[in-house]
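**Q** predicted model and sequence below, questions to follow.
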Amino acid sequence: MKKYVALIICVIMFQGIQAQDPVDVLGYQVYDKTLANGLKVIVCEKPGGSMAEVQLWYRVGSKDEKPGIRGMAHMFEHMMFRGSKKFPGEGDVFIDSITAMGGEVNAYTSFDCTVYHETVPLNKMKTVFAMEADRMENLILDQRTLDIERQVVGEELRNGNSNWFRKVLGDVYEQLYPDNHPYRVDVIGYLDTILMFSTKQCQDFYNQYYAPNNCVMIIVGDVKHDDIFKTAETYFSGITKRVRQSRVTSQTITASAIRCEEFSVDFPVQLYGYLIPQPAVGQPDYHAFLMAKDLLFSNPNAILPTMIVDEQRLAYGMMQVSDNRSLYSSFCQIYIPMNAAPGNIKVKKMISGELTSVFEEGFDDEAIAAYISHLEAQQQLNAYNNKYIADLLGKAELYYPDYRYWNEDINQFKKLDAASLSKYAKKYFTTDAYRVVNIKPIMN
């Protein structure tokens, strides 16, 4: 009997863990399987078209960096496009190869993750899997590659600092978080640190975070899940390295953490920056915060831009530069650019007064219903888009953390009414809860 039990265990270990039932996502069937080495593969069978979307979500971002390697996660995104053991060459080998086969490829790094995404012909899927597996296991990390890529990132940093708005965002960002917070340093990092990276630091980072059990692979297109799972087994199951997954501990932030509220900009414009502590995904207030923020500041028909920008014409616009989702408490950053002139303080007073009025009168039920209807309409309009579906699944897998909660935002929004929304909003959008930084042009 023990032999049979051992045999069953071995079979399970070889085949990985597969979900029992598919999930319906926007009318398509989605399946998943976790290989024995920890790689989770999610497949959306979406009939039609000759191209598929392939995404690899690595659970590593700037939140995982320590002093001395600030900027490593973003720079490593660049490094991953260079050659690997089975696919060597000069330049951005991965980009050139995907482009040559008629596909498109790109990537991005955030505080919480690094995502590689490509749109490729269906008949090139095996080649793409082979390339992705090899750069997960055998990336070439020599001194020459490092020298080239850190210069590229350094130039990106220098270009950013030459842009007045990007520079002022960096100046403000430096004042936001306490020292032990995972988002203490902006994703792009520090130039002087990046130029000092060693190949050993890069190899250590690669070994620590680029492993199957720290990655989710998503495929959307006219494919069959069984075929994709077999292909994934063929190319990825031999990768044995594993990383120890752990979450960074951090404290809840408050607006009192901000260390400076006056900034100068070398441009003839004034900005008010609204810095609002934002709950992480999964915290009880998260969805109420998100809806209230959108209805007040960020929606096309939001209350404050309608009044300040469209009706009163006191500002050029309202811009949110922060992410809506985060694994840890963060700052929502909304900037209001205005003509640099005496009397702009009235804008801040009008916003404060309008917020007070909203909380006294309550949010409008029709506005809440319209907000949800708009999100549902967006989903339906994008149901044809492979990349949109892959992004939807990837974000749910990272933040909830299960792709089966792909519609969790809308489901939670539907539980909110005007009374409950006002209750939660008062916690975050009163003058005691947020800070307003004043960014003024340099006076000659």
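**A** Sure thing, it's come through. What you are looking at is a predicted structure, and each value in this text was computed from that prediction instead of being measured. Residues are numbered from 1 along each chain as shown.
**Q** burial of the nearest residue to Tyr274 once chain neighbours are set aside, as a residue count?
**A** Closest residue to Tyr274 apart from its sequence neighbours, by CB to CB, 6 or more residues apart in numbering: Ile334 at 4.4 Å. To be clear about C-beta, it is placed using only N, CA and C from the backbone, and glycine gets the same treatment. Applying other CB atoms under 10 Å, we find 22 residues neighbouring Ile334.
**Q** just the CA trace of the host helix or strand of Ile334, in CSV.
**A** Counting by DSSP states H and E, the element that carries Ile334 is strand 330-339. Extracted C-alpha coordinates of strand 330-339, given in CSV (Å, rounded to 0.1, in the frame of the first residue of the first chain):
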residue,chain,number,x,y,z
SER,A,330,1.1,54.2,0.1
PHE,A,331,0.5,57.8,-0.9
CYS,A,332,-2.0,58.7,-3.5
GLN,A,333,-0.5,61.8,-5.3
ILE,A,334,-2.7,64.2,-7.2
TYR,A,335,-1.2,67.4,-8.7
ILE,A,336,-3.0,70.5,-9.8
PRO,A,337,-1.0,72.8,-12.1
MET,A,338,-2.0,76.4,-12.2
ASN,A,339,-0.8,79.7,-13.6
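**Q** C-terminal to that strand, what's the next element?
**A** Per DSSP H and E, the first helix or strand lying C-terminal to strand 330-339 is helix 345-361.
**Q** buried stuff in that following helix?
**A** Val347, Ile351, Glu354, Leu355, Val358, Phe359 (16 or more other CB atoms under 10 Å).
**Q** just confirm the fourth one contacts Tyr428, I think it does.
**A** Right, Leu355. No. The criterion here is CB atoms under 8 Å, and Leu355 misses it with Tyr428 at 10.4 Å.
**Q** dihedrals phi and psi, Tyr116?
**A** Main-chain torsions, Tyr116, degrees, to the nearest 10: phi -110, psi 130.
**Q** likewise for Tyr274?
**A** For Tyr274, the backbone dihedrals (degrees, to the nearest 10) come out as phi -90, psi 120.
**Q** list the contacts of it.
**A** Contact analysis of Tyr274 by CB atoms under 8 Å, 6 or more residues apart in numbering lists Phe297, Cys332, Gln333, Ile334, Tyr335, Ile336, Ile351, Tyr434, Arg435, Val436.
**Q** now those residues as CSV including distance to Ser264 and pLDDT?
**A** Output for those, formatted as CSV (distance: CB to CB, whole Å; pLDDT from 0 to 100):
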residue, distance to Ser264, pLDDT
Phe297, 25, 97
Cys332, 23, 97
Gln333, 18, 97
Ile334, 20, 97
Tyr335, 15, 97
Ile336, 17, 97
Ile351, 22, 96
Tyr434, 22, 95
Arg435, 17, 95
Val436, 16, 95
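**Q** so which of those comes closest to Thr193?
**A** Nearest to Thr193, judged by CB to CB, of these is Gln333 at 23.5 Å.
**Q** is the nearest residue to that closest one once chain neighbours are set aside in a helix, a strand, or coil?
**A** Of all residues not flanking Gln333 in the chain, Ser322 sits nearest, at 4.3 Å (CB to CB, 6+ apart). Three-state assignment for Ser322 (DSSP: H, G, I helix; E, B strand; the rest coil): coil.
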